[in-house]
Structures are given as C-alpha cells and as structure tokens.
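In: Sequence first, then the predicted structure, then my questions.
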Amino acid sequence: MKFFVPITMGFVCPMCNTYHTLTVELEQYLNYLSGELVQDAFPHMSPTDRERFISGLCPDCQKEIFKEF
Ligand SMILES: [Zn+2]
C-alpha cells in the first residue's frame, strides 16, 4: 500500500517578491534531500515547477527571464 503524502512548500520570488507555493510528494522530497538530482527525484515535475523548486522564481518571472529562448 502506497500513500501519496503531499507537502506544500512556500517560496518568495527573488525578483518580484510574490509568494507562491508548490506541492510535492513527501517521498520524492525525501529522495531529493538524500541526494537525488531534482529531475530524478521529481520525474513528473514540469520544467517551470522544477525551476520554482530550485530558484524560487515565480512562473511570471521565469517567462520574463527565459522568453528569449
Ligand atoms: Zn516573480
């Protein structure tokens, strides 16, 4: 039996100071803390959410920064 245990993380965007949250699975988060790479610990996380997790940048600011790519 496997349970999905969601944990919600809060971030303050370093560019615009917007507070935003990201919900991840506890087990995956523990994998991350034990040394797994973000993309291995959270294989289903979208690139935008991954960037939020790593840098705390909100989706709007990510669009600003990465729009030229
Ligand atoms: Zn922002």
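Out: Thanks, I have the structure now.
In: Every contact and neighbour count from this point should use C-alpha atoms.
Out: Fine.
In: Tell me the buried residues in the least confident helix or strand in the chain by mean pLDDT?
Out: Lowest mean confidence among the helices and strands of the chain (mean pLDDT, DSSP states H and E): helix 59-66, at a mean of 93. Residues 61, 62 are the ones in helix 59-66 that count as buried (16 or more other CA atoms under 10 Å).
In: Provide the contact partners of it at residue level.
Out: 15, 16, 48, 49, 52 (CA atoms under 8 Å, 6 or more residues apart in numbering).
In: For it, list the C-alpha coordinates in PDB.
Out: Provided in PDB are the C-alpha atoms of helix 59-66 (Å, rounded to 0.1, in the frame of the first residue of the first chain):
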ATOM      1  CA  PRO A  59       6.200  31.400 -13.300                       C
ATOM      2  CA  ASP A  60       5.700  35.000 -14.400                       C
ATOM      3  CA  CYS A  61       9.300  36.000 -13.800                       C
ATOM      4  CA  GLN A  62      10.500  32.800 -15.400                       C
ATOM      5  CA  LYS A  63       8.700  33.900 -18.600                       C
ATOM      6  CA  GLU A  64      10.400  37.200 -18.400                       C
ATOM      7  CA  ILE A  65      13.900  35.700 -17.900                       C
ATOM      8  CA  PHE A  66      13.500  32.800 -20.400                       C
END
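In: Mind listing the strands the helix or strand hosting residue 20 pairs with, and their directions?
Out: Residue 20 belongs to strand 19-25 when assigned by DSSP states H and E. Paired strands of strand 19-25, with direction, are strand 6-12 (antiparallel) (DSSP bridges).
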